[in-house]
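Novice: With the sequence up front, the predicted model follows.
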Amino acid sequence: MRLVVQRVNSARVEIDDEVVGEIKRGLLVFVGIEKKDGPREADFMAEKVLHLRIFPDENGKMNRSIRDINGEILSVSQFTLASHISKGRRPDFNNAEDPQNAEKLYDRFNEMVSRDIRLEKGRFGAMMRIQSVNDGPVTFIIEKKYENKAGIDRSEN
């Protein structure tokens, strides 16, 4: 599972010129679901996003989480995050989870996040237009690598 997390002053998602999700101060989170991802990865990533200390404290240090500032999250599914462009010029999407399973994991991630934070989201599988006002800019890429039961890393990164 891969996330791109951006600290924003505002963000919104539109589908066919209709706003379907909009937040003020908080995080814009692009969510990519990969093959081998499961509930454990979705839960881990939700907890990571909720506790990531990337908002400034009174001294300007990144020391506060989205929960600490009572911020909001806009979650947008983005299967292209599961692509690889290691050779050639065309992205390889073979590592992207099939849409039915990916949507279940995306929903699980959103459900976990929304227990603590006001959550808005895009529409899974739709063509969306995203607008954001980045704060910083502050952007992070977070990956949860798959581990099998023996604890051996099976990721292809």
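Specialist: Okay, I see it.

Novice: What are the phi and psi values at Glu58?
Specialist: phi -60, psi -20 (degrees, to the nearest 10).

Novice: can you tell me which residues contact it?
Specialist: Contacts here follow CB atoms under 8 Å, 6 or more residues apart in numbering; on that basis Glu58 touches nothing. Any C-beta I mention is one placed from the backbone N, CA and C, and that applies to glycine too.

Novice: where exactly do the helices run in the chain?
Specialist: 39-51, 99-114 (DSSP state H).

Novice: Ile130 against Val29, yeah?
Specialist: No - using CB atoms under 8 Å, Ile130 is not in contact with Val29; the gap is 11.2 Å.

Novice: Of these two, which one has the most company?
Specialist: Val29 (28 against 15; other CB atoms under 10 Å).

Novice: Point out where the protein drops to low pLDDT.
Specialist: Along the chain, segments meeting pLDDT under 70 span 145-157.

Novice: Pull the number of nearby residues for the nearest residue to Arg25 once chain neighbours are set aside.
Specialist: Distances taken as CB to CB, 6 or more residues apart in numbering place Gly71 nearest to Arg25, at 5.3 Å, with adjacent residues excluded. Counted with other CB under 10 Å, the neighbours of Gly71 add up to 19.

Novice: For Gly71, give me its contacts.
Specialist: Residues Ile23, Arg25, Gly26, Leu27, Phe55, Ile117 are the ones in contact with Gly71 under the rule CB under 8 Å, 6+ apart.

Novice: who's in contact with the last one?
Specialist: With contact set as CB under 8 Å, 6+ apart, Ile117 has these partners: Gly26, Leu50, Ile66, Arg67, Gly71, Glu72, Ile73.

Novice: thought the second one was touching Leu119?
Specialist: No - with contacts defined as CB under 8 Å, Leu50 does not count as touching Leu119, sitting 10.6 Å away.

Novice: Can you check which residues contact both of those two?
Specialist: Shared contacts of Leu50 and Leu119, counting by CB under 8 Å, 6+ apart, come down to Val113.

Novice: and these two? which has more neighbours close in?
Specialist: Leu119 (20 against 17).

Novice: Pull up the overlap in contacts between Ile130 and Val29.
Specialist: With CB under 8 Å, 6+ apart, Ile130 and Val29 have common neighbours Val76.

Novice: circling back: okay if I get the helices of the chain as CSV plus distance to Gln6?
Specialist: Below are these laid out as CSV (distance: least, CB to CB, whole Å):
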stretch, distance to Gln6
helix 39-51, 12
helix 99-114, 15
